[in-house]
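Peer 1: okay, here's the prediction I keep looking at, along with the sequence it came from:
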Amino acid sequence: MIDARRGVLYPARMPEFHRIAPPDEAAELVEWFWIPEWDIEPGRSSRQHVVPYPALNLVVEPDGVELVGASTAASYRDLTGRGWAVGALLKPASVAALTDEPSALRDASCAFDAPELHRDVVHAMGEGGETARARACAVFADWLVARVGAPTAAARDANAMAALLMTDATIIRDEDAATRLSVSVRTMQRLALRYVGMSPAAMIRRRRLQEAAQRVREHPRTDLSTLAVELGYSDHSHLTNDFRAVLGFTPTSYRSASADPFTG
C-alpha cells in the first residue's frame, strides 16, 4: 500500500481533506479516492503544494471531469472561494480504458467526457458531510468498474510493477525491480509507459523524493547525509540536486519552511 502521508509538502496548509479506500470491487483499479473541500474567505487564496505520485488521476469537480496525467515535477494549485473535488488516484489497471497514450498526458491534463459520472458525483456531494463523501466514492467506484471491466493479465502485471516501485525502498534501479518481477527490463519499461506514461526509473526517483521530503518534514533532526544513503542516493549532494531539480529548493530550506508552514 502506498503511504498516504507522502506527496503533500505542507499538510498544515491543506483545507479539509479526506482519503477514502476504494470498495473491494474497485481495489485493483483505484489506490484511494481523495476529496478536498474548501471555503476560503473573499480576497484570499490557499496554495497547495504537492509532489504528485507517478500515476494518473481522474478528477470530478462541479464544472466537469478531468483526466490528469503523471507529473515529472512538483505542482501547486491556488484554491479560492468555496468548492470541492473528488479524485481517484488510479492504479495502472484503470488506465488503458481511459486513454490510449498516457505518456501524452505527462505533465498535462484533459477534459474527460463522462457525463454520468459527473452527474452522479455532483448529486452525491450535494448532500454534504461524511455520508456524501462515501456516496460519491461509491458511485465513482461503480462507474470505474463498469468502464474498465475485469483487468487483463498485463494490467495486473502493471499494478504489481507500480506497487513494487512505489513501496519498496530497496528498489533503486530498473534491474532490481525487473529481477523481483521476473521480467526483462524492457518488458517492465513497456508496462510503465503503457499504463503510467513514465519510465520505471522516473517512478523510482519520485518515490525516493517523496520519501525524502516526508522524512525531512516529519523528522526535522534527521541527518541529511544519512538520509541520502538510506534512500539510495549516492551522497548528500545527489539528494540536494534532486530536491532542487523537482521542487525548486533544497532539503535544508524545506526543513525550515516545514517548521513554519504558513510562511512563504
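Peer 2: Yes, it's here.
Peer 1: when you work out contacts or count neighbours from here on, use the C-alpha atoms and nothing else.
Peer 2: Noted.
Peer 1: quick one: pLDDT of residue 46?
Peer 2: Looking at residue 46, its pLDDT is 75.
Peer 1: what is the neighbour count of residue 15?
Peer 2: Neighbouring residues of residue 15 were enumerated by other C-alpha atoms under 10 Å; the total is 18.
Peer 1: may I see the buried residues of the longest strand seen in the chain?
Peer 2: Taking DSSP state E as the assignment, the strand of the chain that covers the most residues is strand 30-39. The neighbour-count criterion (16 or more other C-alpha atoms under 10 Å) identifies 30, 31, 32, 33, 34, 35, 37, 38 as the buried residues of strand 30-39.
Peer 1: tell me the pLDDT of residue 14.
Peer 2: On the pLDDT scale, residue 14 is placed at 69.
Peer 1: please disregard the earlier target; I meant residue 3.
Peer 2: 63.
Peer 1: same check on residue 260?
Peer 2: Reading off the per-residue confidence, residue 260 sits at a pLDDT of 60.
Peer 1: go on, residue 264?
Peer 2: What the model reports for residue 264 is a pLDDT of 44.
Peer 1: relative to residue 252, how far out is residue 87?
Peer 2: In this structure, residue 87 lies at 32 Å from residue 252, with C-alpha to C-alpha, to the nearest Å as the measure.
Peer 1: so which of those two has more stuff around it?
Peer 2: residue 87 (23 against 14).
Peer 1: three-state assignment of the closest residue to that one other than its chain neighbours?
Peer 2: Excluding its sequence neighbours, the residue lying closest to residue 87 (C-alpha to C-alpha, 6 or more residues apart in numbering) is residue 59, at 4.1 Å. Look at residue 59: counting by DSSP: H, G, I helix; E, B strand; the rest coil, its state is strand.
Peer 1: what is residue 59 paired to in the beta sheet?
Peer 2: With DSSP bridges applied, residue 59 shows beta-bridge pairing to residue 66, residue 87.
Peer 1: against residue 253, how distant is the residue positioned nearest the centre of the chain?
Peer 2: Nearest to the centroid of the C-alpha atoms of the chain, with distances taken as C-alpha atoms, centre = their mean, sits residue 53, at 3.1 Å. If you measure residue 53 against residue 253 using C-alpha to C-alpha, the figure is 22 Å.
Peer 1: and what of residue 96?
Peer 2: Distance, residue 96 to residue 253, by C-alpha to C-alpha: 40 Å.
Peer 1: also residue 224?
Peer 2: According to C-alpha to C-alpha, residue 224 stands 12 Å off from residue 253.
Peer 1: thinking residue 133 is in contact with residue 124, fair?
Peer 2: Yes: between residue 133 and residue 124 a contact is recorded at 7.3 Å, counting by C-alpha atoms under 8 Å.
Peer 1: and those two? Which one has more around it.
Peer 2: Comparing residue 133 with residue 124 by other C-alpha under 10 Å, the one with more neighbours is residue 133, at 22 against 19.
Peer 1: tell me the SS of the residue nearest to the centre of the chain?
Peer 2: In terms of secondary structure, residue 53 is coil; the call rests on three-state DSSP.
Peer 1: show me the contacts for it.
Peer 2: Residues near residue 53 by C-alpha atoms under 8 Å, 6 or more residues apart in numbering: 7, 70, 71, 206, 207.
Peer 1: nearest to residue 257 among these?
Peer 2: Compare each of the contacts of residue 53 with residue 257 using C-alpha to C-alpha and the shortest gap goes to residue 7, at 15.8 Å.
Peer 1: please enumerate residues in contact with the longest strand of the chain?
Peer 2: By C-alpha under 8 Å, 6+ apart, the residues outside strand 30-39 that reach it are 1-2, 15-22, 79-91, 94, 133, 137.
Peer 1: strands - which of those land there?
Peer 2: Among the contacts of strand 30-39, the subset assigned to strands under DSSP E consists of 16-20, 79, 82-84, 86-90.
Peer 1: neighbour-wise, give me the winner out of the residues you listed.
Peer 2: Ranked by neighbour count (other C-alpha under 10 Å), those have residue 88 at the top, with 27 neighbours.
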